[in-house]
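Quick one: sequence plus predicted model below, questions after.
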Amino acid sequence: MKKIEAFVRHESFDSIRRRLFEEGMPSMSISDVKGSGRQAGITEHYRGAELVIHLRPKLKIEMVVPDDAVEKVVEAILEFARTGEVGDGKIFILPVEEAIRVRTGERGDVVMETHESQAGD
C-alpha cells in the first residue's frame, strides 16, 4: 500500500475527483492548505496598498491505495492539475506499513476494498 499526498490548485480538484471515482477509487481526504514553493510571492493591490502573498492556497489530497493503483492516481492528478505554470503543485508517494478499519478491526488490503452495502468508514 502507498499513501499519496498531492498538493494541487483548487480548480483542478473536481476533474481529479471525478476521474478517480470512475477508476474505482472514491476514498480520499481533502484539506485546504497554504504553502510556498519555489515561486516568488504574488503581488496584489488592495485599496491602494501593495501586498505580497507568500503562502498560496492549495488543496491537499490524501489517499491510501494498493501498489498497483499508484500510477492511475498519479496519471489522473497530472492530467488535470498540470497547467505548465509555476505553482501547479507536488505529488508525494509514501509507503504504508499497515491499514486498520476501526469499525471491525480488519487489517491489511481488505481495508482498502470498497463496499456497496455499508457507508461511513
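All right, it came through fine. Residues are numbered from 1 along each chain as shown.

quick one, strands of this structure?
Listed in chain order, the strands of the chain (DSSP state E) span 2-8, 29-35, 42-46, 49-53, 56-65, 89-95.

so the second one versus strand 89-95, what angle?
This means strand 29-35. 130 degrees (axes from the mean of the first three to the mean of the last three Cα atoms, to 10 degrees).

which residues make contact with strand 29-35 from outside it?
7, 13, 55-63 (Cβ atoms under 8 Å, 6 or more residues apart in numbering). Yep, even glycine has a C-beta here, placed from its N, CA and C like the rest.

Neighbour-wise, which one of those residues leads?
residue 61 (24 neighbours; other Cβ atoms under 10 Å).

you'd agree that one is up against residue 9?
No: if you go by Cβ atoms under 8 Å, residue 61 and residue 9 don't touch, sitting 11.4 Å apart.

residues near residue 96, how many?
Residues near residue 96, counting by other Cβ under 10 Å, number 14.

so how far is residue 59 from the residue nearest to it when sequence neighbours are not counted?
Computed as Cβ to Cβ, 6 or more residues apart in numbering, the closest residue to residue 96 that is not its neighbour in sequence is residue 1, at 4.0 Å. From residue 1 across to residue 59, the span is 22 Å (Cβ to Cβ, to the nearest Å).
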